[in-house]
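Q: please work out how this folds:
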Amino acid sequence: MENLWRADEASKYGTDLELRVYSSNLLGRSDELVLHGGGNTSVKSMVDGEEILFVKGSGWDLVSIKAEGFSPVKMSTLLEMAALDELSDTDMVSGQKAAMTDKTAPNPSVEAILHALIPFKVVDHTHADAVVTISNSVDGEKHIAKLFPNFLVVPYIMPGFILAHEIFKMTRDFDWDSCEGIILHNHGIFTFDDDAKNSYDKMIEAVSKAEDFLNKNAVLSFSDTKPTEFDVERLKVLVEEAKGCEIVMKVNQTPLALAYASQEHLYMKATRGVLTPEHIIRTKRVPLIVNNNLETAVEKYVAEYKAYFEKFAKDEMMLNPAPNYAVVKNFGVVLFGKSEKESNVLNDIIEHTMTAVLRADKLGGYESISLKDSFEMEYWELEQAKLK
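A: Got it, this is the predicted structure:
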């Protein structure tokens, strides 16, 4: 992975926050690190005698974030919250907002408490494809432990307060100086340092190590497969009927998409879950799989989604049970967005997911978070609050 840091550019930025913006933008330039709002960054700085965490605000992308996109939150409050035994994510969000020194700033990232816990000035968090591909393989824990012996490796835990509190407990007597970073299985990677360049360099170095491993052990090659004929307009009509609204459809027939759609045992291979948990809000856990009868496939998808909801639901409101994308046997991948922009975002996410799944299969098999964990992420109380 290319290191984009340029000393002449960095020298133009004098304050902690200005340099934080610069290195955040560098991370955001690589789709292999973050996609469409993914990842988060922070810097700790003294303001009027008080330590403040400037953390990426909700709704901002790292590639385009500016100083006003960072939320200033009192460190003392965040550390107090980390020590609590219980805290709903709704209360966490309101507590973080109350601790902001600028009420006009965006809501802080849900990972703000975790950023506060890491005792270094600069913290970088990405969902690096290479790292998550390896950790989403069946032997991911073994591979990650070997590749990153000096990292704190954390099993998958729901993002937000639960994750922050678990790391709070794990690091009570922890030697942070000997820790090179944190890897969250099925989720992403953190690097940190008291210097912005060093933290960025550590991220690029770690991800490059994961990429080198994949390039040696999980090489992909695609044949010149030609797509079969398929009535994609009929698919659009059926999905619009299932969703109850018009959609903007995008068809992907790249060599990657055709290889993915041409797999043996397609239903099993293409329904193993998301690459990283935040994707589920956009893509749902699995696509519509079209092997034979189109009408039957759509009906089956909706029925299975409703069964999935009923199995895990408590008092949640069910999201629209229709699919957000489809994998059509020997034809390609079809995305269903409310707008052209949404269809393009879905396509970006699914292209990265397909690559990761095919590469993880080269390592012995791909596996994502469990059905239960998927439901908890898809029906996160913060998302449900918006619906209600």
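
Q: the stretch 51-200 of the chain: strands as residue ranges?
A: 70-74, 122-126, 151-154, 181-184, 188-193 (DSSP state E, counting those that start in this stretch).

Q: out of those strands, which is the most enclosed?
A: strand 122-126 (a mean of 28; mean count of other CB atoms under 10 Å). C-beta here means a position set from N, CA and C on the backbone, and glycine is covered the same way.

Q: partner strands of it, with direction?
A: strand 40-47 (antiparallel), strand 188-193 (antiparallel) (DSSP bridges).

Q: turn those into CSV, columns for distance to residue 122.
A: Below are the strands paired with strand 122-126 laid out as CSV (distance: least, CB to CB, whole Å):
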stretch, distance to residue 122
strand 40-47, 5
strand 188-193, 6
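
Q: please produce CSV containing those strands, extended by mean pLDDT and distance to residue 219.
A: Listed next are the strands paired with strand 122-126 as CSV, based on pLDDT from 0 to 100; distance: least, CB to CB, whole Å:
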stretch, mean pLDDT, distance to residue 219
strand 40-47, 97, 32
strand 188-193, 98, 22
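
Q: got the strands of the stretch 51-200 of the chain as CSV, with distance to residue 270 columns?
A: As requested, the strands of the stretch 51-200 of the chain are exported to CSV (distance: least, CB to CB, whole Å):
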stretch, distance to residue 270
strand 70-74, 38
strand 122-126, 25
strand 151-154, 28
strand 181-184, 25
strand 188-193, 23
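
Q: what about the closest residue to residue 384 other than its chain neighbours, which helix or strand?
A: In this structure, residue 384 finds its nearest non-sequential neighbour in residue 316, 5.7 Å apart by CB to CB, 6 or more residues apart in numbering. For residue 316, there is no helix or strand it lies in under DSSP states H and E.

Q: next: the one 4 residues further on.
A: Using DSSP H and E, residue 320 sits within no helix or strand.

Q: ok, it - contacts?
A: Contact partners of residue 320, counting by CB atoms under 8 Å, 6 or more residues apart in numbering, are 243-244.

Q: cool, residue 277 as well?
A: Here residue 277 is in contact with 156, 159, 186-187, 369, 373-374, 377 (CB under 8 Å, 6+ apart).

Q: and residue 103, which of the strands of the stretch 51-200 of the chain is closest to it?
A: The closest of these to residue 103 is strand 70-74. By CB to CB, the value is 10.1 Å.
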